[in-house]
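Engineer: For reference, the sequence and a predicted model appear below.
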Amino acid sequence: MSEQYDLLVVGGGINGAGIARDAAGRGLSVLLVEQGDLASATSSSSTKLIHGGLRYLEHYEFRLVREALQEREVLLAAAPHIIWPLTFVLPHHQGLRPKWMLRAGLFLYDHLAKRKRLPASRAVSFRGTPEGAPIKPAFTSGFAYADCWVDDARLVVLNALDAQSRGAIIETQTRCEALSRQNRQWLATITSSKNGPRTITARAIVNAAGPWVTGMVKQAGLGAKAAGLRLVKGSHIVVPRIHPHDHCYIFQNQDGRIAFAIPYQRDYTLIGTTDIPYDGDPAQVAISKDEITYLLELVNGYLATPVKREDVVWDYSGVRPLYDDKNSSASAVTRDYLFDLDRGDTGEQAPILSIYGGKITTYRRLAEHALQKLAPCLGNRTGDWTAQATLPGGDIPRGDFGAFLANCTAKLPWLDKSILQRWARCYGTRLFAMLGAAQGVSDLGPEIAPGLYEIELRFLMKTEWACCADDVLWRRTKLGLGMKQADIDAVTNWFNDIDASRKVAQ
Ligand SMILES: Cc1cc2nc3c(=O)[nH]c(=O)nc-3n(C[C@H](O)[C@H](O)[C@H](O)COP(=O)(O)OP(=O)(O)OC[C@H]3O[C@@H](n4cnc5c(N)ncnc54)[C@H](O)[C@@H]3O)c2cc1C
């Protein structure tokens, strides 16, 4: 007999992981398959903001903005280790949006949803203030408002971990190759890079394949019914830190777009993003020279000390899998999500729910809505539950990360402060599970690369599906940034040695 599940989720990005978590928590049996690593596509390539999206107000996306604004504090409470408030400074530009318009937008932003922790917007002067210091003297004032920062790739992993702790099976490096509907159930062929192909059955499919969503619809034999998908590339550059304070800037451009300059990984600034129509292979997306020029010109229009091309130490690109609302401009295409539920010709066959669009910010609500949509097909009456639940490591008393870090420092005086700070952010209260009985640096195992001890590699391999250097250096952490090639090789070799010793043991 083949394995049977209530739900097969295809895609281990934020939407797939969020839906698997929500479904498992409702008592459904769930299998999630991800062809690469968790968050290996769009969900690790975002600007990493949990935000209402001030700009979307101009496109009258009030539903989306309201839902996103509400989610900021819900997610902040669920994962205070990987999500934290961030102040955005918006300089007023004489030739662009007038002050009254900015004020009106921020008034709406302040009032569309309830806030408990995040402060209201305010006017700021740039004369003699820290906010004004990095900005050209021509800009004398602006506004400040609050949104949140998120470690996007870790948010995906935490959702997968929580799903697993509630009974879901999460398989990475496993691709859904074929789907066929057998009246009340689906037969799915899935191929794991380790164990080869197998067939499973599921009562319902969630197609959360992101940029590959229409490919999956075709695999299910529903090509003619696929909704329109618009792929829009967005790229970021990373440069050495351009300002000392912790606020981020939101800069307006002449073309109506905006770009962010955000403090990143202590020593860097993240600058992005772009909106470029894309029709290539989503797996091969990369920044172009023109995008780098565009981002540099945009921020240098504001910065007193310009950023140069040779300052760029890293870049990344992703593809937004947006629902095609036929808007002519790539930056104006709706960022809201759309569900396409197919129940076959009779309307009563096994369902497949395909997901178009969405934001990291709204993934939890998207998951709730997806489960509500599938509930009648699956006969599941369990109610929504994720709004009050923390994510793994996020059960920090009162969500007070500062107090949690102080407590960790007192308990672990022997641990280097910057490593402790990084671990507290990455793992939250799971930090103590990683350390186990370790009582001193010698218990952490060899330091495989600067600041990366074997104890952490083993933890990531055993509990977070990490199977190669990239998984650790670019998704579970961002230690790859600024790391020498020899150190990256050392991490690769560590994984190779583990693989070799496993093969010997078999
Ligand atoms: C440049 C940029 C900036 C952004 N900034 C923000 C932001 O600041 N805040 C915000 O809220 N949102 C932001 N977003 C939007 C957000 O990142 C996306 O909406 C979200 O990540 C989409 O997640 P997903 O799960 O739908 O897709 P993905 O993350 O792409 O996941 C889909 C997964 O499906 C897998 N897959 C595909 N086919 C198969 C198959 N056959 N078998 C198994 N697995 C398969 C893929 O490998 C992939 O991992 C941004 C997006 C971009 C591109």
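Structural biologist: Great, that's in hand.
Engineer: who touches the nearest residue to Asn253 once chain neighbours are set aside in this structure?
Structural biologist: Distances taken as C-beta to C-beta, 6 or more residues apart in numbering place Leu298 nearest to Asn253, at 5.0 Å, with adjacent residues excluded. In this view, the C-beta of every residue, glycine as well, is placed from N, C-alpha and C. Contact analysis of Leu298 by C-beta atoms under 8 Å, 6 or more residues apart in numbering lists 251, 253, 259.
Engineer: what about Leu298, which SS state?
Structural biologist: Classification of Leu298 using DSSP: H, G, I helix; E, B strand; the rest coil returns helix.
Engineer: how near is Arg21 to Leu374?
Structural biologist: Distance, Arg21 to Leu374, by C-beta to C-beta, to the nearest Å: 14 Å.
Engineer: Repeat that for Leu31.
Structural biologist: 15 Å.
Engineer: Help me confirm that Asp324 comes into contact with Val333.
Structural biologist: Yes - Asp324 is in contact with Val333 according to C-beta atoms under 8 Å; the separation is 7.1 Å.
Engineer: Could you name every residue contacting both of the two?
Structural biologist: Arg230.
Engineer: More neighbours: which of these two?
Structural biologist: When Asp324 and Val333 are compared on other C-beta atoms under 10 Å, the one with more neighbours turns out to be Val333, at 21 against 15.
Engineer: List the buried residues in the longest helix belonging to the chain.
Structural biologist: For the chain, the longest helix by residue count, based on DSSP state H, is helix 485-505. Neighbour-count burial for helix 485-505, counted by 16 or more other C-beta atoms under 10 Å, picks out 487-488, 490-491, 494-495.
Engineer: who touches that helix?
Structural biologist: Contacts of helix 485-505 (C-beta under 8 Å, 6+ apart): 448-450, 452, 454, 457, 461, 467-469, 472-473, 480.
Engineer: Out of those, list just those in strands.
Structural biologist: Within those, residues falling in strands by DSSP state E are 448-449, 452.
Engineer: so which of those is the most crowded?
Structural biologist: Leu452 (24 neighbours).
Engineer: From Gln421, how far off is the residue lying closest to that residue once chain neighbours are set aside?
Structural biologist: Excluding its sequence neighbours, the residue lying closest to Leu452 (C-beta to C-beta, 6+ apart) is Leu479, at 5.8 Å. The spacing between Leu479 and Gln421, counted by C-beta to C-beta, is 13 Å.
Engineer: and those two? which has more neighbours close in?
Structural biologist: Ranked by neighbour count (other C-beta under 10 Å), Leu479 and Gln421 place Leu479 first, with 21 against 15.
Engineer: Tell me if I'm right that Val154 and Arg476 touch.
Structural biologist: Not Val; residue 154 is Arg. Yes - at 7.0 Å, Arg154 counts as touching Arg476 under the criterion of C-beta under 8 Å.
Engineer: need the contact list for Leu158.
Structural biologist: 79, 82, 391-394.
Engineer: And it, what's its pLDDT?
Structural biologist: pLDDT for Leu158: 98.
Engineer: Adding secondary structure and distance to Gly440, write the contacts of Leu158 out as CSV.
Structural biologist: Below are the contacts of Leu158 laid out as CSV (DSSP: H, G, I helix; E, B strand; the rest coil; distance: C-beta to C-beta, whole Å):
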residue, secondary structure, distance to Gly440
Ala79, coil, 30
Ile82, coil, 27
Leu391, coil, 30
Pro392, coil, 26
Gly393, coil, 23
Gly394, coil, 28
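Engineer: Before I go, just wanted to say thanks for your time.
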